[in-house]
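In: Structure, please.
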Amino acid sequence: MKRSILVVVVILSVANIASADTFDAGGANEFTIDFVNISGDSGDLGSLAAGVEVLSTWMDGSDTINSSGVYGICGTADAANIPGSRFGSISWTDSAGDLWLFGGNGYDGAGGLGLLNDLWKIEVVPNHPPVADAGDDQAVYVCIDRLAEVKLNGSDSNDIDGDELSYYWSWMIDGEIYDATGVAPTIELPVGEYIIELVVNDGIEDSEPNEVVVTVIDSIGLLDILADYIIGLDLHPGIENRLLAKIDTAFAK
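Out: Numbers count the residues shown, from 1 in each chain. Next comes the predicted model:
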């Protein structure tokens, strides 16, 4: 005995629907559509829930219609490769989460239109955050102008993906924030101890901050160190006394 199958297709036009309208589909089911009206071409729908903000992000692909494909080398992944515009293709996701796309009617690599027989694997590669390295702690001495030149070094920072890094350094002096950029900037600091923070960015996300401690020592502290060094040399008393006298004179200045 043959069985008859009745297929009912319900087509709803949303061109002039007000928010929260209800439609009767033959009395068996009701469909309620809530959306926020937005200005745009016919068929554009802003949101399926009244009052919900719509955030749209263009992630990849061409911004023009009927785009040709970029195939590259078969079997070799490349970020520049992209399927051409098409319809009627078959797609699925494998157990690893990669998207596969086969065939359809569309444009090949030369811009020709027709039935396609290509198979694409579209792999989503997660970004790894970069790692900042602000270098070793430093101790430096002030110059005549009571400031010390400090050479920072973030060259050991790295990114496992090989992305180019940008560098942002920051520190505080008397409650005020100072900053510098670049892999190895030279800065000036007065006497004191400073925690200088480095954050690097790979063009996608920031690293965790890394710190270097810079201690700027007054020249008097340097003279103290020099005096202790002279005493430790076990020189002839006369020579030692003359050298220490010169240090005392420098202290007096």
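In: And the helices in this protein?
Out: All helices of the chain, identified by DSSP state H, fall at 219-232, 237-252.
In: beta partners for Trp120?
Out: With DSSP bridges as the criterion, Trp120 is bridged to Leu101.
In: from memory it sits against Trp100, does it?
Out: Yes: the criterion here is CB atoms under 8 Å, and Trp120 meets it with Trp100 at 6.8 Å. Any C-beta I mention is one placed from the backbone N, CA and C, and that applies to glycine too.
In: These two: which is more packed in?
Out: For Trp120 versus Trp100, neighbours defined as other CB atoms under 10 Å are more numerous around Trp120 (17 against 14).
In: and the more buried one, what does it touch?
Out: With contacts defined as CB atoms under 8 Å, 6 or more residues apart in numbering, Trp120 is in contact with 83, 100-102.
In: gap between it and Leu165?
Out: Plainly put, Trp120 is 32 Å away from Leu165 if you go by CB to CB, to the nearest Å.
In: again with Lys151
Out: Computed as CB to CB, the Lys151 to Leu165 distance reads 18 Å.
In: quick one: which of these two has more around it?
Out: Neighbours were counted for Lys151 and for Leu165 using other CB under 10 Å; Leu165 has more, 18 against 11.
In: give me the low-pLDDT residue ranges for this structure?
Out: Low-confidence segments of the chain, defined by pLDDT under 70, span residues 1-55, 144, 219-225, 227, 240, 244, 246-253.
In: Please work out how many residues are found near the closest residue to Ile230 other than its chain neighbours.
Out: Distance criterion CB to CB, 6 or more residues apart in numbering; nearest residue to Ile230, sequence neighbours excluded, is Leu243 at 5.0 Å. Leu243 has 17 neighbours, counted by other CB under 10 Å.
In: Test my guess that Leu243 contacts Leu235.
Out: Yes: under the criterion of CB under 8 Å, Leu243 makes contact with Leu235 at 7.5 Å.
In: sorry, back to before: could you pick out the buried ones from the contacts of Trp120?
Out: Among the contacts of Trp120, the ones that count as buried by 16 or more other CB atoms under 10 Å are 83, 101.
In: for the contacts of Trp120, which one is nearest Cys143?
Out: Pro83 (62.4 Å; CB to CB).
In: which residues in the stretch 1-150 of the chain form strands?
Out: For the stretch 1-150 of the chain, the strands defined by DSSP state E, counting those that start in this stretch occupy 21-25, 29-33, 86-87, 90-93, 99-107, 113-122, 138-141, 148-151.
In: In a markdown table: these, plus distance to Ile231.
Out: Shown next, in a markdown table, are the strands of the stretch 1-150 of the chain (distance: least, CB to CB, whole Å):
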| stretch | distance to Ile231 |
| --- | --- |
| strand 21-25 | 94 |
| strand 29-33 | 90 |
| strand 86-87 | 85 |
| strand 90-93 | 76 |
| strand 99-107 | 75 |
| strand 113-122 | 73 |
| strand 138-141 | 20 |
| strand 148-151 | 26 |
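In: And the ones you listed: which comes nearest Ile73?
Out: Closest to Ile73 of the strands of the stretch 1-150 of the chain, according to CB to CB: strand 113-122, at 13.5 Å.
In: quick one, that closest one and strand 99-107 angle?
Out: In terms of direction (axes from the mean of the first three to the mean of the last three CA atoms, to 10 degrees), strand 113-122 departs from strand 99-107 by 160 degrees.
In: Show me what counts as buried in strand 113-122.
Out: 116, 118, 120.
In: Please tabulate those in TSV, including the columns distance to Leu189.
Out: Below are the buried residues of strand 113-122 laid out as TSV (distance: CB to CB, whole Å):
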residue	distance to Leu189
Leu116	64
Asp118	61
Trp120	55
